[in-house]
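Colleague: Any chance you can model this:
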Amino acid sequence: MAITLRRLTETSEIEQLEAMEGKIWDPASAIPYHMTLTMHKFGGLFLGAFDGDEMIGFLYSFPGYTNGETHLCSHMLGFLPEYRKQGLGVQMKWLQKDEAKAMGHSKITWTYDPLETVNGVLNIVKLGGIVRTYLPNCYGDLDDDFNRGLPTDRFLVEWFIDSGRVEARQANGAPRLSYDGAPNILHYEITDGIPTPVALATDREESVLLLPVPAFFQQVKQADMSVAALWRKQTGELLTTYFAKGYMVTDIVRDETIVRYVLTKKPLADILA
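Modeller: Numbering: from 1, shown residues only. Model prediction:
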């Protein structure tokens, strides 16, 4: 049966979300129904994915206000394990974009771990989001398999849903751009198959820079937590430094073992055009 995606409008549908969170992640961390219901009543946007009548995934967001600007905060997106890696997350985000625009929003924000590059490809390459804010230890210490043992540093993604950049990604997909000649601001070496950072460059001034990070960070953590901690520390230092200089993340270049974030320094309007 075909998977359908739609906005959730009934109280009975919102009630299902607490159990859905428990199935996808940890029941102990699920947001209580009374909270999601309140968000739904007062400006929240809730989307569901259904296999027939069964809810198999969801996305929800709520209004936010930062530096005098309103935006939609996209808080949680998840699917039951058997429905992952089918492109449903991208479809759900495009539906979120359309529904958010109908509500009057022009920007959606969310966070992700910059060292989890699968999420980066979705957020920056496929959807056309940009990043210019680094949030150190955003959620404090978390004791789950993906976060345990490291600070929960995060990127803040800004998704300008009215922009030409985002409209073009939705219509035509991501362009393949060449960054030949752009310097790396972090140098690494491969030891026993594991990339390890060895030197930083914090004083580059070129308009386009490349920041290499591991393509499979969880494998690095399993192999050597001290190396994983070094990646966290050094990439955090570089990103904080270059964001303060006016650079922003606009693209990602993928390789087998390394992913390179593309940092660009130009007016935001030019990037979004």
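Colleague: Alpha carbons only: can I get stretch 210-227 in PDB?
Modeller: Listed next in PDB are the C-alpha coordinates belonging to stretch 210-227 (Å, rounded to 0.1, in the frame of the first residue of the first chain):
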ATOM      1  CA  LEU A 210      36.500  23.400   3.000                       C
ATOM      2  CA  LEU A 211      36.200  21.700   6.400                       C
ATOM      3  CA  PRO A 212      36.800  17.900   6.300                       C
ATOM      4  CA  VAL A 213      35.000  15.700   8.800                       C
ATOM      5  CA  PRO A 214      34.600  11.900   9.100                       C
ATOM      6  CA  ALA A 215      32.000  10.400   6.800                       C
ATOM      7  CA  PHE A 216      31.100   7.900   9.400                       C
ATOM      8  CA  PHE A 217      31.500   9.500  12.800                       C
ATOM      9  CA  GLN A 218      29.900   6.700  14.800                       C
ATOM     10  CA  GLN A 219      32.600   4.300  13.500                       C
ATOM     11  CA  VAL A 220      35.200   6.700  14.800                       C
ATOM     12  CA  LYS A 221      33.600   6.800  18.200                       C
ATOM     13  CA  GLN A 222      33.500   3.000  18.300                       C
ATOM     14  CA  ALA A 223      37.100   2.700  17.300                       C
ATOM     15  CA  ASP A 224      38.600   5.500  19.500                       C
ATOM     16  CA  MET A 225      36.600   7.900  21.700                       C
ATOM     17  CA  SER A 226      39.600  10.100  22.200                       C
ATOM     18  CA  VAL A 227      39.900  10.700  18.400                       C
END
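Colleague: Pull the residues that contact that stretch.
Modeller: Judged by C-beta atoms under 8 Å, 6 or more residues apart in numbering, the contacts made with stretch 210-227 from elsewhere in the structure are 113-117, 146, 149-150, 179, 182-186, 188, 192-196, 228, 231, 235, 238-239, 253-263. C-beta coordinates here come from the backbone N, C-alpha and C atoms, glycine included.
Colleague: Quick one: buried ones out of those residues?
Modeller: By neighbour count, with 16 or more other C-beta atoms under 10 Å, the contacts of stretch 210-227 hold 113-117, 150, 182, 185-186, 188, 194-196, 228, 231, 235, 238-239, 253, 258-263 as buried.
Colleague: Could you list the low-confidence segments of the chain?
Modeller: For the chain, the stretches with pLDDT under 70 are 1, 143-146, 149.
Colleague: where along the stretch 1-150 of the chain do the strands fall?
Modeller: With DSSP state E, counting those that start in this stretch, the ranges of strands along the stretch 1-150 of the chain come out as 3-7, 45-51, 54-66, 69-79, 107-112, 130-135.
Colleague: Actually, the stretch 151-273 of the chain.
Modeller: 154-160, 186-191, 194-200, 208-214, 248-254, 258-264.
Colleague: can you tell me which of those comes nearest to F50?
Modeller: Across those, the minimum distance to F50, taken as C-beta to C-beta, is reached by strand 154-160, at 24.4 Å.
Colleague: tell me, how many neighbours does Q234 end up with?
Modeller: Using other C-beta atoms under 10 Å as the criterion, Q234 is surrounded by 18 other residues.
Colleague: Domain ranges for this structure, per the record?
Modeller: Using automatic domain parsing, the domain parsing of the chain gives 1-76, 186-272.
Colleague: Cheers, nothing more for now.
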